[in-house]
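> Provided below for reference: sequence and predicted model.
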Amino acid sequence: MNKDLSPEKEKSKSLDGSDQVAVRKDKLDRMRESGIDPFRANWDQTHVSMDAVSLLPEDEEVGPEVSVAGRIVAFRLMGKASFLKILDRAGKIQSYVRKDEIGEDEYALFKKLDLGDFIGIRGPLFRTKTGEVTIRAKEYRLVSKALRPLPEKWHGLTDNEQIYRQRYLDLVVNDDSRQRFRARSQIIREIREFFWSRDFLEVETPMLQSVSGGAAARPFRTHFNALDCDFSMRIALELHLKRLLVGGFDRVFEVGRVFRNEGLSRRHNPEFTMLEAYQAYSDYRGMMELTQSLIQQVAQNALGTLTLDRTEGAPIELSGKWREAKYKDLIIEAVGRDDWFELPKEAKLEKAKELKIEVDPALEDFEVTNDVFEKVIEHTLIQPTFVTHIPRELCPLAKITETDSSTIDVFELCINGQEIAPAYSEQNDPAVQREAFMKQVGEETQELDDDFLTALEHGMPPAGGMGMGIDRLVIFLTNAANIRDTILFPTLRPS
RNA sequence: GGGUCGGUAGCUCAAUCGGUAGAGCAGUGGCCUUUUAAGCCAUUGGUUCCGGGUUCGAGUCCCGGCCGGCCUACCA
């Protein structure tokens, strides 16, 4: 702005319509001068939009009076009458405002409202000539002023960065986003209903831990001043939930945030929501039934369908009994030779090169095999598949298969080309558990939780356990492109 | 962390070979009593992400930085 302009000129320049914030602030000032302060007003709702709409049956033209409130998201002014739409928690509803019904002075003020303002409206329902249920306003009141303009009404907000950083704007203008987060909430609610109905106890365990175990991931570290010691944010729920099995709560579950100090990607957010459930006197086969029933019930109740459309390719079919496949069989099929597991590491590396996957030669033998699984097989498992009999090195917390000491009694459920839920027959032999931990600790991937081992020595009942990444579940249930589209406020670099 | 693509008005997007930065929506002023992205007339609005450089001249080319998308790496 030109420094030579006097303050008066600057003000008049700023109010010519170019600076929308200044125009709105000026409107607010004028309202206050006339004794109206929208920020001190309120409104009684008798209905939300959707409920109000349903009060007018198809064959009727006039309905009862309702009182609603929300944000103006469409505003079509005419000389002596106007249409507007307000958005509330249930959706949108149209209102029709006539000068001859609210009065000349009120109508003049009404025309000064802006897109984005919050108003309350009261009046009877009627049907317009195009059939839309609409409130014929008898009374309206501005109850909060929006001083900044909304994003464009037709294209909405498309800039990813702004969608994530200013999620509130995304939610106001992008219907699909609003619906996706409503679906997420419904999904989590149905998960809880499922476990409660099976007599599981919902519990909460510490997020701040002196030892963060239960998975191999780098934790976020922090310092607790009062005790002058370092803590970590939890990376899994597992070890505390198992302590509760020791304590006699023999069916427990928790839905909670875990934190992993690792990279960001389409499928990774450093804080994400994990479900873990433990059921005594069950095992990984029991968890298989539980997991399939859980996802089927959640999809049916939260989405109303077991067939999930995808942006590309055939839909995901959740009905029926899901496929089971042994890890080794999938590997042998993928590499095209029966003797894969007898091959020396060098031959495996060679073969991996043929399959055009990058494999670090420094990896352990089983890690080369697992790279084949993760890079060649996993993304092809679109339809629900329980991958069973996984090599024992991949998880220290599961029981070893009785008939094959090289594998463990676990499954990894893959859907939509990614791992959704692992489940095990939980290791409850304290000596075997300690040994498995010691091997892992050597690699500095998992901290040794001595107190957990002490708990095991007190005796943990045989149990099946299952963990599920809720965000990834929501990705495929809502056909989202990115984990960030399922998390209201995803982690971003500070701007 | 590496590669790659991008950042232009409040929002969605243009701008030819390096040659006066434009449009739609929103806003502002009018007209309009059943609109549906309402319509019609007029009109305001720019640190082209930031900082350097090349050039008579840079949104455009070069270098550095910031932020983001995608791919990749790390990731039981």
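It's in.
> Spell out which parts of the stretch 351-495 of chain A neighbour RNA strand B.
Counting by C-beta under 7 Å from any atom of the strand, the stretch 351-495 of chain A comes close to RNA strand B at A:358, A:360, A:374-375, A:394-397, A:419, A:422, A:440, A:445-446, A:481-482, A:484, A:492-495. Bear in mind the C-beta positions are built from the backbone N, C-alpha and C, glycine included.
> Which ChimeraX command selects the buried ones in those?
Command for ChimeraX that selects the buried part of these, burial taken from 16 or more other C-beta atoms under 10 Å:
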select /A:375,394,395,396,397,419,422,440,446,484
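> In helices, which of the residues of the stretch 351-495 of chain A next to RNA strand B fall?
residue A:440 (DSSP state H).
> Which of the residues of the stretch 351-495 of chain A next to RNA strand B fall within strands?
Counting by DSSP state E, these place A:419, A:422 in strands.
> what sits against residue A:422?
A:395, A:410-413, A:466-467 (C-beta atoms under 8 Å, 6 or more residues apart in numbering).
> pLDDT weak spots in chain A?
Counting by pLDDT under 70, chain A has low-confidence residues at A:1-14, A:441-446.
> how about a cut-off of 50?
Low-confidence segments of chain A (pLDDT under 50): A:1-14.
> quick one, longest helix in it?
Per DSSP H, chain A has its longest helix at helix A:175-197.
> tell me which residues in that one are buried?
Buried residues in helix A:175-197, counted by 16+ other C-beta under 10 Å: A:177-178, A:180-181, A:183-184, A:187-188, A:190-191, A:194-195.
> what's the answer for stretch A:218-236, then?
Buried positions in stretch A:218-236, judged by neighbour count with 16+ other C-beta under 10 Å: A:219, A:231-236.
> Can you convert these into JSON lines and add a column each for secondary structure?
Listed next are the buried residues of stretch A:218-236 as JSON lines, based on DSSP: H, G, I helix; E, B strand; the rest coil:
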{"residue": "A:219", "secondary structure": "coil"}
{"residue": "A:231", "secondary structure": "strand"}
{"residue": "A:232", "secondary structure": "strand"}
{"residue": "A:233", "secondary structure": "strand"}
{"residue": "A:234", "secondary structure": "coil"}
{"residue": "A:235", "secondary structure": "coil"}
{"residue": "A:236", "secondary structure": "coil"}
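> from those, which single one is nearest RNA strand B?
Among those, residue A:236 lies closest to RNA strand B (C-beta to the nearest atom of the strand), at 7.7 Å.
> The nearest residue to the closest one once chain neighbours are set aside: what's it in contact with?
Excluding the flanking residues, the one nearest residue A:236 by C-beta to C-beta, 6 or more residues apart in numbering is residue A:214, at 3.1 Å. Neighbour list for residue A:214: A:234-239, A:397 [criterion: C-beta under 8 Å, 6+ apart].
> again, but for residue A:452
Residue A:452 is in contact with A:213, A:239, A:242-243, counting by C-beta under 8 Å, 6+ apart.
> Mind checking which of those land in helices?
A:239, A:242-243.
> what's next to stretch A:146-163, contact-wise?
Stretch A:146-163 is contacted by residues A:20-21, A:24-25, A:28, A:71, A:73-74, A:114-118, A:166, A:169-170, A:172-174, A:177, A:492 when judged by C-beta under 8 Å, 6+ apart.
> Would you list the buried entries among the residues you listed?
A:24, A:28, A:71, A:73, A:114, A:116-118, A:169-170, A:172-174, A:177.
> Which pair of the residues you listed spans the longest distance?
Maximum pairwise distance in the buried ones among the contacts of stretch A:146-163, criterion C-beta to C-beta, is 28.9 Å, between A:28 and A:177.
> Have a look at chain A and report its longest strand.
Max-length strand for chain A by DSSP E is strand A:62-77.
> what's the next helix or strand after it packed up against?
Going down the chain from strand A:62-77, the next helix or strand is strand A:81-88, by DSSP states H and E. Helices and strands touching strand A:81-88, by 3 or more C-beta pairs under 8 Å, 6 or more residues apart in numbering; DSSP states H and E, are helix A:49-53, strand A:62-77, strand A:91-98.
> Reformat these as TSV; add distance to residue A:133.
TSV is the format used below for the helices and strands packed on strand A:81-88 (distance: least, C-beta to C-beta, whole Å):
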stretch	distance to residue A:133
helix A:49-53	5
strand A:62-77	8
strand A:91-98	7
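> Select, out of the ones you listed, the one closest to RNA strand B.
Closest to RNA strand B of the helices and strands packed on strand A:81-88 is strand A:62-77 (C-beta to the nearest atom of the strand; 3.9 Å).
> near RNA strand B, anything from that closest one?
Yes - for strand A:62-77 and RNA strand B, the contact criterion (C-beta under 7 Å from any atom of the strand) is met by A:74-77.
> And that strand, what's buried?
Going by neighbour count (16+ other C-beta under 10 Å), the buried part of strand A:62-77 is A:63, A:66-73, A:75.
> sorry, back to before: can you redo the contacts of residue A:214 as JSON lines with distance to residue A:100?
Shown next, in JSON lines, are the contacts of residue A:214 (distance: C-beta to C-beta, whole Å):
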{"residue": "A:234", "distance to residue A:100": "64"}
{"residue": "A:235", "distance to residue A:100": "66"}
{"residue": "A:236", "distance to residue A:100": "66"}
{"residue": "A:237", "distance to residue A:100": "63"}
{"residue": "A:238", "distance to residue A:100": "68"}
{"residue": "A:239", "distance to residue A:100": "71"}
{"residue": "A:397", "distance to residue A:100": "74"}
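> where exactly do the strands run in the stretch 251-400 of chain A?
With DSSP state E, counting those that start in this stretch, the ranges of strands along the stretch 251-400 of chain A come out as A:251-259, A:271-280, A:307-308, A:316-317, A:323-326, A:385-391.
> In strands only, show me the contacts of stretch A:146-163.
Counting by DSSP E, those place A:71, A:73-74, A:118 in strands.
> Spatially, which two of the residues you listed are the most separated?
Comparing all pairs in the ones in strands among the contacts of stretch A:146-163 by C-beta to C-beta, the longest separation belongs to A:74 and A:118, at 14.3 Å.
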